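[1] Make a model of this:
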Amino acid sequence: MRMKFEVAAMVGCVALFSSVASVASPVIEQGKTLYENRCVHCHGENADGKGQLIEYLNVKPANIIGLCAGRPESCITDRVVKAVLGRHEVGGKKMPLLKEYISVEDVYALSEYLKTMR
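    Residues are numbered from 1 along each chain as shown. Below is the predicted model:
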């Protein structure tokens, strides 16, 4: 009887911790919302530069995830900050600057969400 209780308790703990781990943080949820509202149309659902509007753009959108493949996670933050806040071109490409419409906190949230797409 005691063994059944211990096994049941262990299964319950695993289920609890698994469900907690799968819940995204508020920052990542904020980033996801921003990406879905402002980025997905050009950069695509997988941040691969294959969005629905690609045929109407003068400059092909960057493959954000591909640009940072094999590099530290900070690469994504760096690329997003530079592209969105307009520090300089990214990969020789210029996207419309969004610094008038997006806060530094939003840029951070966006980069945290993109890291989950790797």
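[2] Please make it C-alpha for all contacts and neighbour counts, starting now.
    Fine.
[3] List the buried residues of stretch 44-53.
    44-45, 47-51 (16 or more other Cα atoms under 10 Å).
[4] Pull up the distance across that stretch, start to finish.
    9 Å (Cα to Cα, to the nearest Å).
[5] can you pull out the helices in the chain?
    Listed in chain order, the helices of the chain (DSSP state H) span 2-22, 26-34, 40-43, 64-67, 74-85, 104-115.
[6] returning to what we had before: can you list which of the buried residues of stretch 44-53 are found in strands?
    Assigned to strands by DSSP state E, none of the buried residues of stretch 44-53 qualify.
[7] nearest to E29, of those residues?
    The shortest approach to E29 among the buried residues of stretch 44-53 belongs to E45, at 15.1 Å (Cα to Cα).
[8] Now the closest one. Nearest residue, chain neighbours left out?
    G51 (7.0 Å; Cα to Cα, 6 or more residues apart in numbering).
[9] Contacts only, for V40.
    47, 51 (Cα atoms under 8 Å, 6 or more residues apart in numbering).
[10] quick revisit: S103 versus the residue nearest to E45, what's the distance?
    G51 is 23 Å from S103, where distance means Cα to Cα.
[11] Ok, L67 next?
    Counting by Cα to Cα - L67 and S103 are separated by 23 Å.
[12] residue ranges with poor pLDDT in this protein?
    1-23, 87-93 (pLDDT under 70).
[13] Apply 50 and report the result again.
    2-22 (pLDDT under 50).
[14] What is the neighbour count of V104?
    12 (other Cα atoms under 10 Å).
[15] Please report how far it lies from Y56.
    Relative to Y56, V104 is positioned 28 Å away (Cα to Cα).
[16] my guess is K115 contacts I76, does it?
    Yes: the criterion here is Cα atoms under 8 Å, and K115 meets it with I76 at 6.9 Å.
[17] When these two are compared, which one has more neighbours?
    I76 (24 against 17).
[18] Which residues are in contact with the nearest residue to P61 once chain neighbours are set aside?
    With Cα to Cα, 6+ apart as the criterion, P61 has its nearest non-adjacent residue at 4.8 Å, and that residue is G49. The contact partners of G49, by Cα under 8 Å, 6+ apart, come to 42-43, 60-64.
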